[in-house]
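Colleague: Quick one, fold the following:
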Amino acid sequence: MQKLKVVLLASLALLAIVFLVAISTPYWFARKHDAVVDIHNPALIKKGAYLAYAADCAACHTAPHGRPFAGGLAMQTPMGTIYSTNITPDKKTGIGNYSYGDFERAVRRGVRPDGAALYPAMPYVSYAVVRDQDVKALYAYFMSSIKPVEQRNKPTTMPWPLSMRWPMALWQLMYARPRAFVPNKAQSPEVQRGAYLVEGLEHCGACHTPRGIAFQEKALHDTSSGVYLSGSALEGWYAKDLRNEGLGLAGWSDHEIVDFLATGRTDRTAAFGSMAEVISHSTQHLSDADLQAIAHYLKQLPARDGQSPHPILGVDTTTAKLRAGDYRASGATEYVEHCSECHRLDGRGAPRVFPALAGNSIVSAEDPSSLIQVTLAGGGMAKTPHDRMAFVMPGFKQLKNRDIADILNFIRNGWGNRGSQVKARDVARMRQLIDHEPLNYVPEAHND
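Modeller: Numbering: from 1, shown residues only. Predicted coordinates for the structure are as follows:
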């Protein structure tokens, strides 16, 4: 009994120490650094507006049909739903009372003015490398150009004790240490600019880099491991491999990457889901020079060990069979019935209208989550002024799980594609995820 008491007291003492370290962290690990910023400087505001596009602030902080930057976007996590916050300069419910130091610490360190840690759904781990002058420009833009909206933030649905904030400070100690952007001097200024945008403001790694058991990004910049930007599943979507390898960008030209980021489509493919939102809210607004810089940076990322640096293409025997009426392959009949009208018997679709399925690295991706989700729920293309129409793919939830799995396996292994097998249980799991998607928080605005 005495030994049990000692163990219990020791455990409580350790927990108390951990708690004290956590709640004190913002005061010694993430100190506030105030600065004088002229928030009415037109040049600074203009720069901040551009950088807000680059940082993709609107995609998360503006819910569909909601007020700009008033928050309310629902984000699924394994522990519950997180809702994005109001970042308009409203003094009651937004960031209107933030000093520059408050703003900078929230953006780059993930700490609120009251000292509480932000959840890493806010990509402060990436924003940590954003330069001082860029953060000041963002502050000027948000404090002087965004219309205040009185809209209270909706609490997370995560149950206690998972909803407690103080353990996040310990997470930040381990995975969100302060750092600066370190350019590779051996690369061209253009590639260095692309690296700065990808690693920082665009925070591409937040979706495209695999995460560890603590939900941390396994790499924050390119290293010899090659894990950075090698693809990751998030919220039921698979953010594809962006490295210059077979199922990544090996088959993409620099021009295609720029075209995709600017318009949301190329002659072969189109963005759906979360990436369509990124293009609508962010990359379509970037300058040609910055898009070129991003493309050049991505194309110089080498293939990982064991991965082919070339597109993985097989021989197309599918087209001839379908044209000859040979539907013996599993899923062929269902494909012809439900898909071929748009994507054609040769799997090549129509340039900039219906994405190709043949030779499309997204179709053959290591993780078929995106393909399953868009087949079940459908999806719309990004809306940009570059193309006259934004087409919508209908969902096929009415089909049985087995039928959808057969269609997807036919697509992932037809026309020379080489993809892993999709099982009916994979479709069932995705169907359940879609059916339980949280609703966004869009209350009536208090002011116009």
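
Colleague: pLDDT value on residue 447, please?
Modeller: For residue 447, the pLDDT comes out at 44.

Colleague: the strands in the stretch 301-448 of the chain, which residues?
Modeller: Here the stretch 301-448 of the chain has its strands, by DSSP state E, counting those that start in this stretch, at 379-380, 392-393.

Colleague: Just give me the residue closest to the centre of this structure.
Modeller: Centroid-nearest residue in the chain: residue 207, 3.8 Å away (criterion: C-alpha atoms, centre = their mean).

Colleague: With adjacent residues omitted, what lies nearest to it?
Modeller: Leaving aside its chain neighbours, residue 207 sits nearest to residue 239 (3.9 Å; criterion: C-beta to C-beta, 6 or more residues apart in numbering). Every C-beta, even on glycine, is put in place using the N, C-alpha and C of the backbone.

Colleague: Show me what that neighbour is bridged to.
Modeller: Legend: beta-bridge partners of residue 239 under DSSP bridges are residue 232.

Colleague: So it versus residue 210, what's the distance?
Modeller: From residue 239 across to residue 210, the span is 10 Å (C-beta to C-beta, to the nearest Å).

Colleague: quick one, phi/psi of the closest residue to residue 76 other than its chain neighbours?
Modeller: Nearest residue to residue 76 in three dimensions, chain neighbours excluded: residue 235, at 5.0 Å (C-beta to C-beta, 6+ apart). Per-residue torsions, residue 235: phi 50, psi 40 (degrees, to the nearest 10).

Colleague: right, and residue 235 touches residue 74 too?
Modeller: No - Residue 235 is beyond contact range of residue 74, at 9.9 Å (criterion: C-beta atoms under 8 Å).

Colleague: Please compare these two by neighbour count and tell me which comes out ahead.
Modeller: residue 74 (19 against 16; other C-beta atoms under 10 Å).

Colleague: Leaving aside the residues adjacent along the chain, what's closest to that one?
Modeller: Here the residue nearest residue 74, using C-beta to C-beta, 6+ apart, is residue 438, at 4.0 Å.

Colleague: after the top helix by length along the chain, next one along is what?
Modeller: The longest helix of the chain (DSSP state H) is helix 2-28. Next helix or strand after helix 2-28 toward the C-terminus (DSSP states H and E): helix 42-54.

Colleague: related to what we said a few turns ago, give the burial count for the residue nearest to residue 207, as a bare number.
Modeller: Look at residue 239: counted by other C-beta under 10 Å, it has 26 neighbours.

Colleague: roughly how far apart are it and residue 274?
Modeller: Separation of residue 239 from residue 274 (C-beta to C-beta) stands at 7 Å.

Colleague: which residues do the two both contact?
Modeller: residue 207 (C-beta atoms under 8 Å, 6 or more residues apart in numbering).

Colleague: which residues sit in contact with residue 199?
Modeller: When contacts are counted by C-beta under 8 Å, 6+ apart, residue 199 is found next to 126, 129, 181, 205, 220-221.

Colleague: Point out where the stretch 201-350 of the chain drops to low pLDDT.
Modeller: Within the stretch 201-350 of the chain, no range satisfies pLDDT under 70.

Colleague: what about stretch 275-291, how long is it end to end?
Modeller: End-to-end span of stretch 275-291 (C-alpha to C-alpha, to the nearest Å): 15 Å.

Colleague: chain center to it: distance?
Modeller: Relative to its chain's centre, stretch 275-291 lies at 13 Å (C-alpha atoms, centre = their mean, to the nearest Å).

Colleague: residues of that stretch that come out buried?
Modeller: Buried residues in stretch 275-291, counted by 16 or more other C-beta atoms under 10 Å: 275-286, 290-291.

Colleague: ditto for stretch 424-441
Modeller: 426-428, 430-431, 433, 440-441.

Colleague: And for stretch 112-129?
Modeller: For stretch 112-129, burial by neighbour count (16+ other C-beta under 10 Å) applies to 112-113, 115, 117-129.

Colleague: same thing with stretch 337-348?
Modeller: Buried residues in stretch 337-348, counted by 16+ other C-beta under 10 Å: 338-339, 343-348.

Colleague: ok so, going back, what residues are shared contacts of residue 239 and residue 210?
Modeller: Contact with both residue 239 and residue 210 is made by residues 231-232, according to C-beta under 8 Å, 6+ apart.

Colleague: Not counting sequence-adjacent ones, nearest residue to residue 371?
Modeller: Going by C-beta to C-beta, 6+ apart, residue 371 has residue 408 as its nearest residue, at 5.8 Å.

Colleague: Run a quick neighbour tally on the one you found.
Modeller: Neighbour count for residue 408, taken as other C-beta under 10 Å: 24.

Colleague: Next one: it from residue 420, what distance?
Modeller: According to C-beta to C-beta, residue 408 stands 10 Å off from residue 420.

Colleague: cool, residue 328 as well?
Modeller: Residue 328 is 22 Å from residue 420, by C-beta to C-beta.

Colleague: Also residue 395?
Modeller: When distance is defined by C-beta to C-beta, residue 395 is 23 Å away from residue 420.

Colleague: Then residue 77?
Modeller: Taking C-beta to C-beta, one finds residue 77 at 26 Å from residue 420.

Colleague: Would you mind giving the domain segments of this structure?
Modeller: Following automatic domain parsing, one gets these domains for the chain: 39-146, 189-299, 318-435.

Colleague: Kindly reformat the ones you listed as a markdown table containing distance to residue 152.
Modeller: Converted to a markdown table, these look like this (distance: least, C-beta to C-beta, whole Å):
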| stretch | distance to residue 152 |
| --- | --- |
| domain 39-146 | 5 |
| domain 189-299 | 23 |
| domain 318-435 | 28 |
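
Colleague: Go through these and name the closest to residue 25.
Modeller: Residue 25 lies closest to domain 39-146 among the domains of the chain, at 7.8 Å (C-beta to C-beta).
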